[in-house]
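Visitor: Give the three-dimensional model of this entry:
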Amino acid sequence: MSAMMARWLEQAQAGGASDLHLTVGAPPMLRVDGRLRPLGGGILTSEETERYAREVLGGEFSRLSEMGDVDTALDWVGPEGGDAHRIRVNVYRQRMGISLAIRLVPDVIPKLDSLGLPAVVRTMVDQPYGLVLVTGPTGSGKTTTLAALIDEMNDRFDRHIITLEDPIEYVHVHRRCLIEQREVGKDVPDFSRGLRAALRQDPDVILVGEMRDLETIQTAITAAETGHLVLGTLHTGDAVQTVDRLIDVFPAHQQQQIRTQLAAILRVVIAQRLVRRIGGAGRVPLAEVLINTPAVANLIRSDKTHQLHTVMQTGRSQGMQTFDMHVRELVSGGVIDQEEGRLAVFGDRIDRFGG
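Guide: Sure thing, here's the model as predicted:
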């Protein structure tokens, strides 16, 4: 890696940035607390961004012409040496040339208790089998939550954990658990084939970095039914939408069977977003939690998912909460302001808490 790229990454890390963007016709840009700001320096040319892309991708650069974008993850060190740090990179073509979106991965896997998630989330690692889903838009902290869940298991249990990731971001070490991390595109061709292979590798826990398609979702459900704890992510906006997505991806004639299976093996849906603290001092997760109680299972089985939101509203004692409920808690606690709360839950749904 060039000294210039390493300096930008050092500045990004020192400034608390989550991402570094290199785009033709603009200076290097940082995303800090969800907002973009220029890093400084000159306007990048197409020749420069191509050179940085070649540095990052190495022999994989040829795939860019075929695919249009390439994901990778790698370690880097500062220009003066020192410890290695990890980044996830998406290199892609656009109208003016090649761009790089670089995510800085924290050096240490955060402890689950430090993430600000509801306490019930910690109990999910106690489950011997079933389906645990962490959902939300890109950049909402799903990968960090899953890494913290795996790390919690590594502290407390003797388990064989297989992860399927695209790409590998957080790197786990063996402590109490045996943890094998497989990268899509390098170790396995895709999530569905990696998941099918994992079932032959004697796992206790399988992490699926993204449940994108019918085959992957179907295999994940089967894995959960056959005695494995499956952790997965979906790009869905809230908990109810997540349940509907899992069902709707299947043909109509299979959906009742899938409802029955989900009602039996779903353990929890944790939908999350990141919101800015008052004063701009970092971000905190805003979480919605759906626990698969008997009442929830009955609604899923009976095709009444539109009633799940009401169950979450009345299920605080069981560990459930809606986004609206968590916003009120964060606003009343002085963690976020009312405007940030309104924006986080789409304005009109939360006008009740702010007057």
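
Visitor: List the buried residues for the longest helix along the chain?
Guide: Counting by DSSP state H, the longest helix found in the chain is helix 142-156. By 16 or more other Cβ atoms under 10 Å, the buried positions in helix 142-156 come out as 142-154. (C-beta placed from N, C-alpha, C; glycine too.)

Visitor: Kindly indicate which of the residues you listed lies nearest residue 208.
Guide: Distances from residue 208 to the buried residues of helix 142-156, taken as Cβ to Cβ, are shortest for residue 146 (9.6 Å).

Visitor: Let me see the contact set for that closest one.
Guide: Residues counted as contacts of residue 146 (Cβ atoms under 8 Å, 6 or more residues apart in numbering) are 134, 207, 231, 233.

Visitor: from memory the second one sits against residue 159, does it?
Guide: No: look at residue 207 against residue 159 with Cβ atoms under 8 Å: they stay out of range, at 11.6 Å.

Visitor: And those two? Which one has more around it.
Guide: residue 207 (26 against 18; other Cβ atoms under 10 Å).

Visitor: Ignoring the adjacent residues along the chain, who's closest to that one?
Guide: Distance criterion Cβ to Cβ, 6 or more residues apart in numbering; nearest residue to residue 207, sequence neighbours excluded, is residue 163 at 4.1 Å.

Visitor: Mind listing what's buried along the helix or strand the one you found falls within?
Guide: Taking DSSP states H and E as the definition, residue 163 sits inside strand 160-165. Residues of strand 160-165 classed as buried: 161-165 (neighbour count, 16+ other Cβ under 10 Å).

Visitor: tell me what that strand is packed against?
Guide: In terms of contacts (3 or more Cβ pairs under 8 Å, 6 or more residues apart in numbering; DSSP states H and E), strand 160-165 is packed against helix 142-156, strand 178-183, helix 191-198, strand 205-208.

Visitor: tell me which residues of the third one are tucked away?
Guide: So the one you mean is helix 191-198. Under the neighbour-count criterion of 16+ other Cβ under 10 Å, helix 191-198 has 191-192, 194-195, 198 buried.

Visitor: tilt between it and strand 160-165?
Guide: 170 degrees (axes from the mean of the first three to the mean of the last three Cα atoms, to 10 degrees).

Visitor: show me what contacts residue 109?
Guide: Counting by Cβ under 8 Å, 6+ apart, residue 109 touches 147-148, 151, 170, 172.

Visitor: Just read off the phi/psi values of it.
Guide: For residue 109, the backbone dihedrals (degrees, to the nearest 10) come out as phi -70, psi 120.

Visitor: Does residue 295 belong to a helix, a strand or coil?
Guide: Counting by DSSP: H, G, I helix; E, B strand; the rest coil, the backbone at residue 295 sits in helix.

Visitor: So for the closest residue to it other than its chain neighbours, what's the pLDDT?
Guide: In this structure, residue 295 finds its nearest non-sequential neighbour in residue 311, 5.8 Å apart by Cβ to Cβ, 6+ apart. Residue 311 carries a pLDDT value of 97.
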